[in-house]
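Peer 1: Let me see the structure of the following:
(one chain, ligands or ions: 2)
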Amino acid sequence: MTRSAGPVPAGAPAAPAAPGAASADSHAASARAPRRLLIRTWGCQMNVYDSTRMAELLAPLGYAPTERAEEADMVILNTCHIREKASEKVFSDLGRLRDTKKERQAGGKETIIAVAGCVAQAEGAEITARAPWVDIVLGPQTYHRLPEMVARASRAAGAVIETDFPAEDKFDHLPEARASQGPVAFLTIQEGCDKFCSFCVVPYTRGAEFSRPAAAILAEARALAAGGAREIALLGQNVNAWAGEAPRTGQGASPEGNTWRLARLLRELADIPGVARLRYTTSHPRDMDDDLIAAHGEIPALMPYLHLPVQSGSDRVLAAMNRGHKADLYLRLADRLRAARPDLALTSDFIVGHPGETAADFDATMRLVERVGFAGAYSFKYSARPGTPAASQPGVVPEAEKDARLQTLQALLREQQDGFNRSCVGRTVEVLVTGPGRHPGQIAGRTPWLQPVHALGSGRPGDVVPMHLTAAHPNSLSATLAHEESAAA
Ligand code: 5AD
Ligand code: SF4
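Peer 2: Residues are numbered from 1 along each chain as shown. Ligands and ions are numbered 1, 2, ... in the order given. So this is what the prediction gives:
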C-alpha cells in the first residue's frame, strides 16, 4: 500500500449526477452546448468525496466530466496541504494550466480555473497573487456555493475567493439524491479536527470537529445503496470522534440520549438493504471507545480492517506531537480489537523525524511496529508546515537522518505487508467485484482487507463472490473464482 503522490486517478470524481440530483436549472442547461469539467484531486479520500459532490453540483449546469485539460471549460484542482510536496504540486499544475488557458483563449474558448481544498483554504489570496489566471479559490467548507461562484466568475474581472467557514452547514446545501458511484462509495460523516497534533494543518484548514446528524447520513447511505453501492466507507478527519444528533423518532429520546456514537451508526447502516460492507476512516486511538471495539466483533458487515494511525512508538515523541496517549494505549487497543475480531488487519500512519526525535525514539517506533504487525502503512518524513507548533519546536532532525529512518521503517513495513499478503494465499475469501480487470477476460475486486484482486472470469460489479487466492504480488492478489473451481471438480 502506498499513498498516491499525485492526483487521485480519475474515475472516482466527476461522475455525472443522476437525473434526480438535477436542480430546476437543468432544463436550461440541457439546451446549452455541453460543457466539460476536469477535476484533479490530491490527498485524502475526503477530497475524493468532495470532488464527487462538486461534480454533482455542476452537472445541472451542463458540465460533463473530461480527463483532458485542453477540452475542459472548467478545471478544478482539489488540493491537499498536509505536506509540503503536496501543496507545491498545485503550483506546478497551475503553471501548465496557464498555457492551456491561453491556447484555448486563442481559439475563442474560455476556461474557468478553480483551486479548491486545503491549499485554497490555507493560502487564499496568495494563490491569485502567484497565479492571477485562477478564477475561483474556494475552501473545503464553501464548495456548495460553487454554482454561484461559477456564475460570478463568468461576470467578474478578478478572482472570486470564498475561504471563510460559513455558519451555514454545507451539507444542507448539497443536492440530496446521490449519483450512483458504483459498488464502492464514500460518505463523509464528520469533518474537522480539535486534536491539534503538533505537526498537522488539518485543524486550521478544515476547522473544528463537526458531526453530521444521523438522519442525514442514513438518508445518504440509503440513496447510495439504491444507486448500486455495496460497500460504504464512512469518512472523517477524526471519524471515530463522530457524535451525531440521533434521528427524531417521535417516541422521545432513545436510551443513548439525543446523540449517537459511531458504533450505533454502524449498526443502523448495516441494516440498510444492499449494504454488504462498511468501513470507516481515519480514526484516532483516543476515540476508540468500548462500544466501537465491540462492534468489530458484532457487525458482520464491518470489514476486518482498520486504519488507526499511531505516528510514533515513542512516548516522548507522542507527547511532543500532542497525541494525548502513550504507545501502551495503542498496543492495548490492538490486542482488544483483535480479541473482538481475530482476523482484523491494522494499518497505520507514521512520521519519522519529528522535531526532537532521537535514535532511541525511532527505535521505539520500530519496536511498536514489530509488536503490532501491520498489514500496510503510510510513512512520511516530517515536513514543517507553516503555522503549526512543531514548525518552531527545537531539535530539527537532519534530512539525511530522516531519509535513513524512513528507509529502515519502510523496509520493515514492506516486509510485514508482503507477509500479510502471502498469508492470504491459499484461502477462499469473499471478494467484492468492482469492475473489469486490466487484462481481457479478467475481473477486478477487493478483499475484506482492501487488497485489490484480479481473477479470470466474469462477474457483475457489486457481486460479492467467493474467490480462491492463488498468488500475492507487491500491491495485489491473483485469484480464481471459487464456484468455477467447484464446478470443474
Ligand atoms: N509531515 C509529515 N507527515 C504528516 N502528516 C500530517 N502532517 C504531516 C507533516 N507535517 C501525515 C500523518 C497523518 C497523514 C495523513 O499525514 O501521518 O496521519
Ligand atoms: Fe491532524 Fe492530529 Fe487531527 Fe489527525 S488527529 S487530523 S493528525 S490534528
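
Peer 1: Enumerate every residue touching the closest residue to residue 124 other than its chain neighbours.
Peer 2: Among residues not flanking residue 124 along the chain, residue 163 sits closest, at 4.9 Å (Cβ to Cβ, 6 or more residues apart in numbering). From N, CA and C alone the C-beta is placed, and that goes for glycine too. Listed by Cβ atoms under 8 Å, 6 or more residues apart in numbering, the contact partners of residue 163 are 120, 121, 124, 137, 138, 139, 142.

Peer 1: what's the closest of these to residue 350?
Peer 2: Ranking those by separation from residue 350, with Cβ to Cβ as the measure, puts residue 121 on top at 25.5 Å.

Peer 1: So the closest one is in contact with residue 139, correct?
Peer 2: Yes - at 3.8 Å, residue 121 and residue 139 qualify as touching, with contact defined as Cβ atoms under 8 Å.

Peer 1: which residues are common contacts for those two?
Peer 2: Common contacts of residue 121 and residue 139, defined by Cβ under 8 Å, 6+ apart, comprise 163, 205.

Peer 1: Do I have it right that residue 165 meets residue 204?
Peer 2: No - under the criterion of Cβ under 8 Å, residue 165 is not in contact with residue 204, lying 10.8 Å apart.

Peer 1: Point out the residues in the protein that sit beside ligand 1.
Peer 2: 82, 83, 199, 200, 309, 311, 349, 351, 380, 382, 383, 385 (Cβ under 6 Å from any ligand atom).

Peer 1: Compute the number of surrounding residues for the fourth one.
Peer 2: If you count neighbours by other Cβ atoms under 10 Å, residue 200 ends up with 21.

Peer 1: In the stretch 101-250 of the chain, what residue comes closest to ligand 1?
Peer 2: Nearest to ligand 1 in the stretch 101-250 of the chain, going by Cβ to the nearest ligand atom, is residue 199, at a distance of 4.0 Å.

Peer 1: part of a helix, is that residue?
Peer 2: No - when classified by DSSP: H, G, I helix; E, B strand; the rest coil, residue 199 is found to be coil rather than part of a helix.

Peer 1: Enumerate every residue touching it.
Peer 2: The neighbours of residue 199, taking Cβ under 8 Å, 6+ apart as the test, are 321, 351, 354, 382, 385, 388, 390.

Peer 1: got it, and residue 281?
Peer 2: Neighbours of residue 281 in contact, by Cβ under 8 Å, 6+ apart: 45, 233, 234, 235, 239, 307.

Peer 1: now it: how far from residue 123?
Peer 2: As judged by Cβ to Cβ, to the nearest Å, residue 281 and residue 123 stand 26 Å apart.

Peer 1: Strands of the stretch 351-489 of the chain, start to end?
Peer 2: Using DSSP state E, counting those that start in this stretch, the strands of the stretch 351-489 of the chain run over residues 376-381, 428-436, 442-446, 452-456, 464-472, 477-481.

Peer 1: Partner strands of the fifth one and their direction?
Peer 2: Spelled out, it's strand 464-472. For strand 464-472, sheet partners with direction are given as strand 428-436 (antiparallel), strand 477-481 (antiparallel), following DSSP bridges.

Peer 1: which other residues reach that strand?
Peer 2: Contacts to strand 464-472, defined as Cβ under 8 Å, 6+ apart, come from residues 230, 276-277, 418, 421-422, 424-433, 445, 447, 453, 455, 459, 477-483, 485.

Peer 1: repeat that with 7 Å
Peer 2: The set of residues that contact strand 464-472 without belonging to it, under Cβ atoms under 7 Å, 6 or more residues apart in numbering, is 230, 276, 421-422, 424-433, 453, 455, 459, 477-483, 485.

Peer 1: Run the angle between that strand and strand 452-456 for me.
Peer 2: Following axes from the mean of the first three to the mean of the last three Cα atoms, to 10 degrees, one obtains 100 degrees for the angle between strand 464-472 and strand 452-456.

Peer 1: Mind listing what's buried along strand 464-472?
Peer 2: Neighbour-count burial for strand 464-472, counted by 16 or more other Cβ atoms under 10 Å, picks out 464, 465, 467, 468, 469, 472.

Peer 1: got it, and the fourth one?
Peer 2: For strand 452-456, a neighbour-count test (16+ other Cβ under 10 Å) marks 452, 453, 454, 455 as buried.

Peer 1: so how far is it from its chain's centroid?
Peer 2: A distance of 23 Å separates the C-alpha centroid of strand 452-456 from that of its chain, computed with Cα atoms, centre = their mean, to the nearest Å.

Peer 1: Run me through the strand neighbours of that strand, direction for each.
Peer 2: With DSSP bridges as the test, strand 452-456 is paired with strand 442-446 (antiparallel), strand 477-481 (parallel).

Peer 1: need these in JSON lines with mean neighbour count, distance to residue 414 and mean pLDDT, can you?
Peer 2: What follows is the strands paired with strand 452-456, written out as JSON lines (neighbours: other Cβ atoms under 10 Å; distance: least, Cβ to Cβ, whole Å; pLDDT from 0 to 100):
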{"stretch": "strand 442-446", "mean neighbour count": "21", "distance to residue 414": "20", "mean pLDDT": "96"}
{"stretch": "strand 477-481", "mean neighbour count": "21", "distance to residue 414": "16", "mean pLDDT": "96"}
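
Peer 1: Looking at those strands, which is nearest to ligand 2?
Peer 2: With Cβ to the nearest ligand atom, the closest approach to ligand 2 among the strands paired with strand 452-456 belongs to strand 442-446: 24.9 Å.

Peer 1: Kindly export the closest one (C-alpha atoms) in PDB.
Peer 2: In PDB, the C-alpha atoms belonging to strand 442-446 read as follows (Å, rounded to 0.1, in the frame of the first residue of the first chain):
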ATOM      1  CA  GLN A 442     -10.300 -10.500 -16.100                       C
ATOM      2  CA  ILE A 443     -12.400  -9.100 -13.300                       C
ATOM      3  CA  ALA A 444     -11.200  -6.900 -10.500                       C
ATOM      4  CA  GLY A 445     -12.300  -6.700  -6.900                       C
ATOM      5  CA  ARG A 446     -11.200  -6.200  -3.400                       C
END
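
Peer 1: Kindly report the residues of the stretch 251-400 of the chain close to ligand 2.
Peer 2: When proximity is defined as Cβ under 6 Å from any ligand atom, the stretch 251-400 of the chain approaches ligand 2 at residue 284.

Peer 1: In contact with the residue lying closest to residue 444 once chain neighbours are set aside, which residues?
Peer 2: Distance criterion Cβ to Cβ, 6+ apart; nearest residue to residue 444, sequence neighbours excluded, is residue 437 at 4.4 Å. For residue 437, the contacting residues are 443, 444, 454, taking Cβ under 7 Å, 6+ apart as the criterion.

Peer 1: Over to residue 241?
Peer 2: Applying Cβ under 7 Å, 6+ apart, the residues near residue 241 are 190, 209, 284, 287.

Peer 1: hmm, 10 Å instead?
Peer 2: The contact partners of residue 241, by Cβ atoms under 10 Å, 6 or more residues apart in numbering, come to 190, 192-195, 209, 211, 261-262, 283-284, 286-287, 289.

Peer 1: Let's have those residues in CSV, adding neighbour count, secondary structure and pLDDT.
Peer 2: Converted to CSV, the contacts of residue 241 look like this (neighbours: other Cβ atoms under 10 Å; DSSP: H, G, I helix; E, B strand; the rest coil; pLDDT from 0 to 100):
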residue, neighbour count, secondary structure, pLDDT
190, 24, strand, 95
192, 21, coil, 93
193, 24, coil, 95
194, 12, coil, 95
195, 19, coil, 96
209, 18, coil, 93
211, 23, strand, 95
261, 19, strand, 97
262, 26, helix, 98
283, 21, coil, 98
284, 20, coil, 98
286, 15, helix, 98
287, 16, helix, 97
289, 14, coil, 97
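
Peer 1: This completes my enquiry, with thanks.
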